[in-house]
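# no FASTA, just this:
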């Protein structure tokens, strides 16, 4: 169950939320519950199945919902008592009423998309927020584009639906009340309806100014953000500092193949990325290898593109066909799907111009190259130290007018930096990486000795450790190939 589902649950039910990212599941406690809900995305499907198998012999009502069960409804046959397909703002309360009456059904699916203006504030207080670096809020659902591989338009549709500014501000207040300072706005495309989101951003700007810029935002958007100067300005004024963009490929033929037409209009991808960076938004990438127009040259193209774009963080994945997407249907018709539970090469797609082994091994090499320490930190230093990239400038202007707030914020950032510095330079098992981080952290200390900058750099060292370790283990065959998708 999620914090959102918790908000939909009447007060006469006792709700406990468990997130395996930050705590261990107590199966004895689960056995004493009346209802146990399990949810997850495609990358978590194997763990979901394991949990459901462990719950099978317990006398509880087991329900499953979320993105994966929505696209692969039969994946947990025999393991769940009730399944929820798609959105559940209407079906979850209905199920609880019918369960109490002893008349509930095995399957629930809403007839119409959720009216986002009626969605309650999630129960963030039910989560152990002290364990999270980022909080999460949602402004909208849906995306207007038609990318062939994407399940977002299957689950949420192509007409973006937005909450009201009042709802958004209430959620920001609620997550802030839990001591959170950084928030990921989880919309799959924040700018799907540009006109509507601009109105919400203006209200968020007013709230930030009135409250002293208590929150820093990260989000996801499409590359056409670069075409709208006003929208970029509003995002930076609202204190958005990072935007994740599904660029997917520098190969224009592959982009057209997958109907990602928004990426191939009005200039080069590299120029668009630089435009967004120059507006004060750091860009993170989503990249995919294995399109039908990709041959063995795509790996070199991806490396070059990432270097020229000054990108450190890229969620790279082999192309995967998610059930119910147009890609899945097309490849099924062509006989190019591996429908086993755990495909040997990490993806269910049988590529056209590469062997499956070439795709898998090339993907792993690309991950290694991207997170090779020298390449990663040269790119990071190029953006932040050489080019002097600045973010959160409106907050900086506020702090100059309120020096006490500035001092408190800088002191907090410095304490967090020192804590991370200690962890990075003493607790990491690999002595070469410890020395690398120690050496690299001297750069911002000398050249940009701002506590906020030092904290950002230390966080990026931690992110590097995660990705570098994952890529190294895959390369040494110490773990299965882990696909981002």
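Good, I have the coordinates. Given the structure is predicted, the values throughout are model-derived calculations rather than measurements.
# what are the ranges of the helices in the stretch 201-350 of the chain?
229-237, 252-257, 269-278, 298-308, 326-334 (DSSP state H, counting those that start in this stretch).
# continuing past the last one, what's the next helix or strand?
Under the assignment DSSP states H and E, the closest C-terminal helix or strand after helix 326-334 is helix 356-370.
# identify each buried residue in the following helix or strand past that following helix, please.
Going down the chain from helix 356-370, the next helix or strand is helix 373-381, by DSSP H and E. Using 16 or more other CB atoms under 10 Å as the test for burial, helix 373-381 gives 373, 375, 376, 377, 379, 380, 381. C-beta here means a position set from N, CA and C on the backbone, and glycine is covered the same way.
# ignoring the adjacent residues along the chain, who's closest to the first one?
When you say that, I think you mean residue 373. residue 436 (4.9 Å; CB to CB, 6 or more residues apart in numbering).
# so the one you found, which state does it fall into?
Put simply, residue 436 is helix when judged by DSSP: H, G, I helix; E, B strand; the rest coil.
# wait, it sits on residue 372?
No: judged on CB atoms under 8 Å, residue 436 makes no contact with residue 372 at a distance of 10.6 Å.
# in terms of neighbours, single out the busier of those two.
Using other CB atoms under 10 Å, the more surrounded residue of residue 436 and residue 372 is residue 436, with 22 against 15.
# where do the strands sit along the stretch 151-300 of the chain?
Counting by DSSP state E, counting those that start in this stretch, the stretch 151-300 of the chain has strands at residues 161-162, 182-185, 216-221, 240-248, 282-289.
# can you put these in JSON lines and add distance to residue 40 and mean neighbour count?
Formatted as JSON lines, these follow (distance: least, CB to CB, whole Å; neighbours: other CB atoms under 10 Å):
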{"stretch": "strand 161-162", "distance to residue 40": "23", "mean neighbour count": "20"}
{"stretch": "strand 182-185", "distance to residue 40": "17", "mean neighbour count": "20"}
{"stretch": "strand 216-221", "distance to residue 40": "19", "mean neighbour count": "22"}
{"stretch": "strand 240-248", "distance to residue 40": "20", "mean neighbour count": "23"}
{"stretch": "strand 282-289", "distance to residue 40": "19", "mean neighbour count": "22"}
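# please report how far the closest residue to residue 248 other than its chain neighbours lies from residue 240.
Distances taken as CB to CB, 6+ apart put residue 288 closest to residue 248, at 4.7 Å, once the chain neighbours are dropped. Note on residue 288: its distance to residue 240, by CB to CB, to the nearest Å, is 25 Å.
# same question, residue 199
As judged by CB to CB, residue 199 and residue 240 stand 16 Å apart.
# contacts only, for the nearest residue to residue 145 once chain neighbours are set aside.
In space, and not counting its chain neighbours, residue 145 is closest to residue 262: 5.8 Å by CB to CB, 6+ apart. Residue 262 makes contacts with 145, 222, 223, 224, as judged by CB atoms under 8 Å, 6 or more residues apart in numbering.
# and which of those is nearest to residue 366?
residue 223 (20.4 Å; CB to CB).
# what is the neighbour count of that closest one?
That count, for residue 223 with other CB under 10 Å as the rule, works out to 23.
# one more: residue 50?
Applying other CB under 10 Å, we find 10 residues neighbouring residue 50.
# secondary structure of it: a helix, I assume?
Yes: using three-state DSSP, the assignment for residue 50 is a helix.
# quick one: low-confidence parts of the stretch 351-485 of the chain?
Where the stretch 351-485 of the chain drops to pLDDT under 70, the residues are 484-485.
# next one: the chain
Within the chain, the ranges that satisfy pLDDT under 70 run 1-3, 484-485.
# what about the residue nearest in space to the middle of the chain, distance to residue 263?
Residue closest to the mean C-alpha point of the chain, counted by CA atoms, centre = their mean, is residue 186 at 6.8 Å. From residue 186 over to residue 263 the distance is 22 Å, taken as CB to CB.
# again, but for residue 97
46 Å.
# then residue 281?
17 Å.
# how about residue 84?
In terms of CB to CB, residue 84 sits 33 Å off from residue 263.
# so what's the residue count around the nearest residue to residue 4 once chain neighbours are set aside?
Among residues not flanking residue 4 along the chain, residue 122 sits closest, at 4.6 Å (CB to CB, 6+ apart). Per other CB under 10 Å, the neighbour tally for residue 122 reads 22.
# quick check: residue 122 is in a strand.
No: counting by three-state DSSP, residue 122 is not part of a strand but coil.
# ranges for the helices of the stretch 51-200 of the chain?
Counting by DSSP H, counting those that start in this stretch, the stretch 51-200 of the chain has helices at residues 67-71, 91-101, 152-155, 165-176, 194-211.
# looking at the ones you listed, which one is packed in the most?
Across the helices of the stretch 51-200 of the chain, the average number of neighbours (mean count of other CB atoms under 10 Å) peaks for helix 67-71, which reaches a mean of 22.
# residues making contact with that helix?
40-42, 44-45, 48, 75-76, 83-86, 151, 154-155, 322-325.
# those residues, buried ones only, as a PyMOL selection?
Buried residues within the contacts of helix 67-71, by 16+ other CB under 10 Å, are selected in PyMOL with:
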select buried, resi 40+42+44+45+48+75+76+83+84+85+86+151+154+155+322+323+325
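# okay, how far is it across stretch 7-27, tip to tip?
24 Å (CA to CA, to the nearest Å).
# and the buried residues of helix 373-381 as CSV, adding distance to residue 161?
CSV is the format used below for the buried residues of helix 373-381 (distance: CB to CB, whole Å):
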residue, distance to residue 161
373, 43
375, 41
376, 38
377, 41
379, 37
380, 37
381, 41
